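> Give me a 3D structure for the following:
(2 chains)
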Amino acid sequence: MDRKLVNVALTLIVVFLSFVLLVWVGGSVLNIERLQTGERPLLRFVFVVIGLVAAFAVYWLTRDNKVWEVGTREVVYMAIGAALYAVFSYLFNGTVFVVPSVSQVALRPAICIPMFFGFAFGPVVGFFTGAVGNMVGDALTGFGLYPQWSVGNGLIGLIAGMAMLFPDKKKSMNNVLIVSAVLAGLATVIYLLNRTIPNTLFFNPVEGIFGDQPMTAFAGLSAVVGFILVLVVRFAFAKNVDFGAAVTWGMLGNLIGLGFAAISDIWINGYPPAVAIVGEFLPAAGPNLIFAAILVPILVAAYASLQRQTGR
Amino acid sequence: MLVTWRYRKRRSLIQSFDPRAWIVFYLCFMGVVISFWDVRVLAVFFVVALTVVFSSGIGWREMRRAWLFIGGFILYFSLFTFLTGRGGVEFYTEEHVIRNLQAPFSIFGWQPIVHVTVERAFYALSMLVRVFSLASMTILIPYSFNPAQYGVTFRGLGLPDKIAYAMDLTMRFVPTYARDFQVTMDAQRARGYEIEKLRGGLFAQVRKLAPLIVPVTIQAIAGSEDIIDAMDLRAFGVRPRTWLEELHYRPRDRALMIAGAAMLVVSLALAYLGFGSFWVPEALRSLPLL
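Predicted coordinates for the structure are as follows:
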């Protein structure tokens, strides 16, 4: 792995471990109730800060790179991305259009927007698109605000945009594939060890079932299925590096961003770790990988065509 | 062509404050409401939210669609929370039964039953009051927040010029893209596309969403060139920005912000001390356990 990626990965790991240590020492050793698991409003804000610190750390380590510059173009793309993500989230959240669900895998196509905007216009645009778009979308739907999930969505766009930090896209893609394989594999192993945990994000309006059904095998394995699809795109379009880079970095962003949000619920909502991973992370992140593999390349191709037409 | 939110100037409580002061109060209010699960405490904030709604000067006809959508959504999910007890397990470990409603029929040997318990009922009620309070305050913003003041408001709240302007544009673009989506969907339907009847396997269904998502996204990006050119021609980002409208705090605005901040600090402190957590009446705890 090259040095930049190692630095970025180390920073994220250090920030996360610091927090785990704080919660473990404070909650378990010193018995400070506020740092123990359960419904903890204060911890929502702590996790928002952690997510922002992680994003800032990535920026700080690579601050000399031009991808962090924000000009007129980036400002407008930030606004377009966030508005589109908000509108699509509102429309596809199962409220206006009930998009079908297959084997407890709910379809949330809007997730391709922060992935695409991050990849095409850089990490700042990606972060803004994911974080602000999710906030506005939740507000429009009437869900209220879940700031740690908004930061998690922001991280999806930020990490998708980190592809621009690496001049050798092919090499970075391979490293990202290895990291993603480990993360997807780990989540799947946790599922295989806890197969009876319900899919907490699943809702079937026909049968009125909401989160009380054990995960189907397809939903449980959706992260692996999504990973394989991404792998297929990566090698099937080997000549077009952009397709592969967009889906692989989008995949890593999705795994880390949603992993961050789901893991934060261990402390915020008091979920056992297995429930957070199997009941929350997998049903959200797995289907998103399928979207990354199918919709993001279509958007990349359409945008490339637009660039050819307009010459910009 | 840009589509705008349905803002107009009204004589109302919400519009009598500086928008920055109102946004600060709104964020504090959100923080306060999500700090509590006790329905008695939440009822106080529910009354505050209703007072703001009724004094907003926005007629039922103007907000009818938004209220019906959000109200229906909240009631629907509260009902499911009540029927399934979803989410409540984080707050209670035992349930006291009010009544068990058993269906008079069976499906393949399974007889549907709904356990009506004190805890589920109060959890669903708390959820209803909580979400309704949040939604009531949120729904008013596009109707009472002057679009000409989006940017200067976010700038006044301490965001950098570029981020403030990005927030301004985001708020302006949302109704426009919602309209574009509707137009695109109508055009695709005219070609025989039916989102309600997507067929095929999972991958085929995902691929079939592209005719909706891709045109709206690419059209938005293509249309952005005019906006970028217009901003560049006005030397956007070269120097600290000046705004056409200026906002000035008055004593009442400062008082509102101080009240919001104080309310948030007190709420967080009370929540920290364990006050306002999930509550059910003590008298109902004598009912039989589930």
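> three-state assignment of the nearest residue to residue B:271 once chain neighbours are set aside?
Leaving out its chain neighbours, the residue that sits closest to residue B:271 by CB to CB, 6 or more residues apart in numbering or on different chains is residue B:35, at 4.2 Å. C-betas here are computed from N, CA, C, even on glycine. Recorded secondary structure, residue B:35: coil (DSSP: H, G, I helix; E, B strand; the rest coil).
> Residue B:35: neighbour count?
Residue B:35 is flanked by 24 other residues according to other CB atoms under 10 Å in any protein chain shown.
> Wait, it touches residue B:268, no?
Yes. In this structure, residue B:35 is within contact of residue B:268 by CB atoms under 8 Å, at 6.0 Å.
> now the helices: where do they sit in the stretch 151-290 of chain B?
Using DSSP state H, counting those that start in this stretch, the helices of the stretch 151-290 of chain B run over residues B:161-190, B:202-207, B:210-233, B:251-272.
> Now the shortest one: buried residues?
Put plainly, it is helix B:202-207. Residues of helix B:202-207 classed as buried: B:202, B:205-206 (neighbour count, 16 or more other CB atoms under 10 Å in any protein chain shown).
> Next: the third one.
Going by neighbour count (16+ other CB under 10 Å), the buried part of helix B:210-233 is B:210-217, B:220-221, B:224, B:227-228, B:231.
> Does it reach chain A?
Yes. Counting by CB under 8 Å from any CB of the partner chain, chain A has neighbours in helix B:210-233: B:210, B:213-214, B:216-218, B:220-222, B:224-225, B:227-228, B:231-232.
> Farthest-apart pair in those residues, please.
Using CB to CB, the residues of helix B:210-233 next to chain A span at most 31.9 Å, a distance reached by B:210 and B:232.
> ok, now which ones touch the closest residue in space to residue B:40 that isn't next to it in sequence?
Once flanking residues are discounted, residue B:40 sits nearest to residue B:279: 6.6 Å by CB to CB, 6+ apart. Neighbour list for residue B:279: B:37-40, B:122 [criterion: CB atoms under 8 Å, 6 or more residues apart in numbering or on different chains].
> State the phi and psi torsions of residue B:279.
When read as degrees, to the nearest 10, the backbone of residue B:279 gives phi -130, psi 140.
> do residue B:7 as well
Backbone geometry at residue B:7, expressed as degrees, to the nearest 10, gives phi -90, psi 140.
> isn't it right up against residue B:142?
Yes. When contacts are counted by CB under 8 Å, residue B:7 is listed as touching residue B:142 (6.8 Å).
> which residues does residue B:122 contact?
Contacts of residue B:122 (CB under 8 Å, 6+ apart): B:39, B:278-280.
> Dihedrals phi and psi, it?
phi -70, psi -30.
> could you pull out the helices for chain A?
For chain A, applying DSSP state H gives helices covering A:3-23, A:41-61, A:72-92, A:112-121, A:123-141, A:147-161, A:169-193, A:217-220, A:222-236, A:241-268, A:273-274, A:282-310.
> And chain A, is the one helix or strand in chain B whose mean pLDDT sits lowest touching that?
Across the helices and strands of chain B, mean confidence by mean pLDDT, DSSP states H and E is lowest for helix B:202-207: a mean of 75. Yes. Contact of helix B:202-207 with chain A (CB under 8 Å from any CB) involves B:202-203, B:205-207.
> for that helix, packing partners?
Helices and strands touching helix B:202-207, by 3 or more CB pairs under 8 Å, 6 or more residues apart in numbering or on different chains; DSSP states H and E, are helix A:282-310.
> Buried residues, the helix it packs on. List them.
For helix A:282-310, burial by neighbour count (16+ other CB under 10 Å) applies to A:282-303.
> rewinding a little: tell me which of the contacts of residue B:122 is nearest to chain A?
The closest of the contacts of residue B:122 to chain A turns out to be residue B:278 (CB to the nearest CB; 8.0 Å).
> Residue B:66: helix or strand, and which one exactly?
Assessed by DSSP states H and E, residue B:66 sits inside helix B:60-84.
> And the pLDDT for the one residue sitting closest to the centre of chain B?
Centre of chain B computed as the mean C-alpha position; nearest residue by CA atoms, centre = their mean is residue B:135, 4.7 Å away. pLDDT for residue B:135: 85.
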